[in-house]
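Peer 1: Quick one, structure for this:
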Amino acid sequence: MEVRPVDPRDVSWEVDRPRYRVHFWRETADPAGGPPGRACDEQELAGPDVDATTVLAWAAEQVVERGADWCEVFAVVDRTPGGRGLVRLTPSR
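Peer 2: Numbers count the residues shown, from 1 in each chain. Prediction:
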């Protein structure tokens, strides 16, 4: 991990009410005996009381409840021009 001091004046915008996406992944078996696949269920979380800590805790609980094998958490960023993008908050698998 790289840590360095920063100047907070180098930021030109921020999002006051961010949205997050959580992708829940499951390994799937091919009934015909072929190679396994993957299935994904995507959810978006938003609201005045939603922050990264809340989303990460919710996602961890939901992995167990949904029987998922793992999840990925992203912040949603809308930019003009450029459209919508995702900023990864958890490691990819």
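Peer 1: who's in contact with the nearest residue to Arg93 once chain neighbours are set aside?
Peer 2: Counting by Cβ to Cβ, 6 or more residues apart in numbering, Trp70 is the residue found nearest to Arg93 once chain neighbours are left out, at 5.4 Å. C-beta: built from backbone N, CA, C; applies to glycine. Listed by Cβ atoms under 8 Å, 6 or more residues apart in numbering, the contact set of Trp70 reads 24-25, 63, 93.
Peer 1: ok, Trp70 to Pro91 distance?
Peer 2: Between Trp70 and Pro91 the computed distance is 10 Å (Cβ to Cβ, to the nearest Å).
Peer 1: Phi and psi next, for the residue lying farthest from the centre of the chain.
Peer 2: For the chain, the largest distance from the centre (Cα atoms, centre = their mean) belongs to Ala32, which lies 32.3 Å off. Per-residue torsions, Ala32: phi -90, psi 0 (degrees, to the nearest 10).
Peer 1: what pLDDT does Glu14 get?
Peer 2: Note on Glu14: pLDDT of 87.
Peer 1: A helix includes it, no?
Peer 2: No - read with DSSP: H, G, I helix; E, B strand; the rest coil, Glu14 is coil and lies in no helix.
Peer 1: Quick one: neighbours of it, just the number.
Peer 2: By other Cβ atoms under 10 Å, 6 other residues sit near Glu14.
Peer 1: can you check Glu61 too?
Peer 2: When counting by other Cβ under 10 Å, one arrives at 10 neighbours for Glu61.
Peer 1: same deal with the one 4 residues further on?
Peer 2: The local packing of Glu65 (other Cβ under 10 Å) involves 8 other residues.
Peer 1: Name the secondary structure element that contains the residue nearest the centre of the chain.
Peer 2: With distances taken as Cα atoms, centre = their mean, Val73 lies nearest the centre of the chain, 1.7 Å away. According to DSSP states H and E, Val73 maps onto strand 70-79.
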